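# After the sequence you'll find the predicted model.
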Amino acid sequence: MTTTKERRFAEELLKCAGKYVATHNDTVIACGSSIREVKEKAAEQNIKRPVIFPLPKVTEGHNFF
Amino acid sequence: MWVPYQIIGHGSGPIYGPLVEFEIIAPLQDPFPTKGLVDSGADSSLLDIAIADELNLPVRKVPGKIAQAAGGILFAVHVFPIQARFGGITFELDARWAALADDEEVRGFNLLGRGDFFQAFKVLFDQQREGIEITPYRKKKY
């Protein structure tokens, strides 16, 4: 069963498709066009160790690059 | 360790995949937590060169090679091994580094492939339960 928190995380994550994303404890902290940008946004929220990763737009599965 | 699939996109409905958290360990730097797709179709791991730039890794000084992606697309990579950590286990990533984003948008995931991640961990995909079981191999004794 999907919880409200999981659903919100999924919704927020999908808004970041095509960008770099910073997350922390299954919460989307920030997204932006560079690692530096999301790192700075996370630091503004006092998140010291965000998980930062590239998130491409995926609409047909991951069978392409 | 059981890792449920995570949402990675949306087409006609939500798309879930084996996106896992791991850390890149660079000398004289704090570990860099990131995520990558566990990809049994990838010969070796592929990491975003923007991470190398952030960690001041001299990846771009290594002469580039041509790699082939699914679908036959050719792209440039730099081979630069690095240590990584997953589930508390440190292992060697014989990583290929490439630009996964262009000026417009991010185009690809970090990928954890067979040549290194799958050498360190036994990976069992469970499509029906929508997750993967990842177990560290015991180190070989010689």
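In hand now; what should we look at?
# Could you tell me how many residues sit around the residue of chain A at minimum distance from chain B?
Closest approach between chain A and chain B, counting by Cβ to the nearest Cβ: A:Val58, at 2.6 Å. Quick note: C-beta positions are derived from backbone N, CA and C, even for glycine. For A:Val58, the tally of surrounding residues (other Cβ atoms under 10 Å in any protein chain shown) stands at 20.
# Ramachandran coordinates for the closest residue in space to it that isn't next to it in sequence?
For A:Val58, the nearest residue in space outside its immediate sequence neighbours is B:Gly9; the separation is 2.6 Å by Cβ to Cβ, 6 or more residues apart in numbering or on different chains. Listed backbone geometry of B:Gly9 is phi 180, psi -180, with angles given as degrees, to the nearest 10.
# Do I have it right that B:Gly9 meets A:Cys16?
No: contact between B:Gly9 and A:Cys16 fails when scored by Cβ atoms under 8 Å: they sit 11.1 Å apart.
# which other residues reach the helix or strand where A:Leu13 lies?
Using DSSP states H and E, A:Leu13 sits within helix A:4-15. Contact with helix A:4-15 is made by A:Thr2, A:Val21, A:Thr23, A:Asp26, A:Thr27, A:Val28, A:Cys31, A:Leu55, B:Ile7, B:Gly9, B:His10, B:Pro14, as judged by Cβ atoms under 8 Å, 6 or more residues apart in numbering or on different chains.
# Partner strands of the lowest-mean-pLDDT helix or strand in chain B and their direction?
Taking mean pLDDT, DSSP states H and E as the measure, chain B has strand B:65-68 as its least confident helix or strand, at a mean of 79. Sheet neighbours of strand B:65-68, with direction, are listed as strand B:74-79 (antiparallel) (DSSP bridges).
# Now the strand it pairs with: average pLDDT?
Here strand B:74-79 scores 83 as its mean pLDDT.
# which is the next helix or strand following that strand?
strand B:82-86.
# helices or strands next to that next one in the packing?
The contact analysis (3 or more Cβ pairs under 8 Å, 6 or more residues apart in numbering or on different chains; DSSP states H and E) places strand B:82-86 against strand B:19-25, strand B:89-93.
# State the number of residues packed around whichever residue of chain B sits closest to chain A.
Per Cβ to the nearest Cβ, the residue of chain B with the smallest distance to chain A is B:Gly9, at 2.6 Å. Here the number of neighbours of B:Gly9 (other Cβ under 10 Å) works out to 19.
# Show me where chain A has its strands.
For chain A, the strands identified by DSSP state E occupy A:19-24, A:27-32, A:51-55, in order along the chain.
# Identify the residues contacting the first one?
What it means is strand A:19-24. Outside strand A:19-24, the residues that touch it by Cβ under 8 Å, 6+ apart are A:9, A:13, A:28-35, A:37-39, A:41-42, A:47, A:49-55, B:50, B:101, B:105-106.
# what residue ranges in chain A score low on pLDDT?
Screening chain A residue by residue with the criterion pLDDT under 70, one finds the ranges A:1, A:61-65.
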